[in-house]
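> Fold the stuff below for me.
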Amino acid sequence: MPDLRQTRKNIKTALAVLVAVDVVAVAVLLSPVVGSTDSRHQELNQLWSELQSKTRQVEPLRNLDKKVITANRQIGDFYTKRFPTQDSQIATQFGKLAAANGVTITQAKYRAKEGQIERLEPVEVEAELSGNYVSLAKFINALERDDMFFLISDIALAGEQKGPIKLQMKLETYLRTGA
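Numbers count the residues shown, from 1 in each chain. Model prediction:
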C-alpha cells in the first residue's frame with residue numbers, strides 16, 4: 001500500500017512552493033520595478049511610436065536593388081538623349097532652334113574646353129544672334145527646354161531704336177565621349 005504520509009508531505013511542500021511563487025508574483029506586480037498600468041501603457045505607446053518612426057526612416061530603402069537598376073537605366077537614357085556624340089549635332093540643333101523661333105545666327109563659335117567630366121567633354125558656344133525681343137525670349141526658353149543639354153552662362157542684349165535686337169550669349173554643352 002502506498003505511503004500516504006509521504007504523499008501528503010510532498011503535496012504540502014508543493015503547495016508551499018506554489019504559495020511562495022504567488023506571493024513573489026504579487027510583490028513584483030505591485031512593486032515599483034514593474035510600475036503602474038499607466039506607466040506600462042505609456043511605455044508601450046512610446047515604443048510603438050518609435051517603431052513607426054523607424055519604419056518610416058527605412059521606407060526609402062525598400063526595393064533598393066530595383067531602384068538602383070532603374071536609376072542606372074535612367075542615367076544611360078539621360079546620357080543618350082541629352083548629350084550628342086558629334087560636334088555637328090550641336091551646331092545643327094542650335095540652328096534648328098534659332099530658325100524655329102525666328103532668330104538669325106550672325107556668328108557662332110564652338111570650342112572644346114579643357115577638363116573632362118566622366119564620359120563628357122565640355123563644349124563652349126559663343127553666339128551672336130539677332131531678332132525681335134519676343135523671338136529672342138522664345139529662343140532662350142527653347143534652349144533651356146530642349147532635349148539637348150544647353151547651359152546658358154552669359155547673355156548681353158544690344159539694340160537700336162529701329163531694327164532687330166542683337167543678342168550675344170555664351171553657353172555650354174557637352175559631347176559624349178567613348179560612345
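> Quick check: Val58 vs Leu64, distance?
Distance of Val58 to Leu64, given as CB to CB, to the nearest Å: 10 Å. (C-beta placed from N, C-alpha, C; glycine too.)
> Oops, could you answer that again for Ile140 instead?
Separation of Ile140 from Leu64 (CB to CB): 40 Å.
> If you count surrounding residues, which of those two has more?
Comparing Ile140 with Leu64 by other CB atoms under 10 Å, the one with more neighbours is Ile140, at 20 against 9.
> List the buried residues in the helix or strand where the more buried one lies.
Assigning secondary structure by DSSP states H and E places Ile140 in helix 133-145. Burial within helix 133-145, assessed by neighbour count using 16 or more other CB atoms under 10 Å, is assigned to Ser135, Leu136, Lys138, Phe139, Ile140, Ala142, Leu143.
> continuing past that helix, what's the next helix or strand?
Sequence-wise, the next helix or strand downstream of helix 133-145 (DSSP H and E) is strand 151-159.
> That next one to helix 133-145, inter-axis angle?
Angle of strand 151-159 versus helix 133-145, following axes from the mean of the first three to the mean of the last three CA atoms, to 10 degrees, is 170 degrees.
> name the helices or strands packed onto strand 151-159?
Packing contacts for strand 151-159, counted by 3 or more CB pairs under 8 Å, 6 or more residues apart in numbering; DSSP states H and E, involve helix 133-145, strand 165-176.
> The same query, at a cut-off of 10 Å, please.
strand 120-131, helix 133-145, strand 165-176 (3 or more CB pairs under 10 Å, 6 or more residues apart in numbering; DSSP states H and E).
> okay, the ones you listed in TSV with mean pLDDT and distance to Gln74 next?
Formatted as TSV, the helices and strands packed on strand 151-159 follow (pLDDT from 0 to 100; distance: least, CB to CB, whole Å):
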stretch	mean pLDDT	distance to Gln74
strand 120-131	92	17
helix 133-145	92	19
strand 165-176	92	16
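> In CSV: those, plus distance to Val68.
Compiled in CSV, the helices and strands packed on strand 151-159 are given as follows (distance: least, CB to CB, whole Å):
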stretch, distance to Val68
strand 120-131, 22
helix 133-145, 29
strand 165-176, 22
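> residue contacts, the spatially closest residue to Glu126 that is not a sequence neighbour?
Once flanking residues are discounted, Glu126 sits nearest to Lys109: 4.6 Å by CB to CB, 6 or more residues apart in numbering. The neighbours of Lys109, taking CB atoms under 10 Å, 6 or more residues apart in numbering as the test, are Glu124, Val125, Glu126, Ala127, Glu128, Lys170.
> Tell me the most packed of the residues you listed, by neighbour count.
Neighbour counts for the contacts of Lys109 (other CB under 10 Å) peak at Val125, which has 21 neighbours.
> Understood, closing this out.
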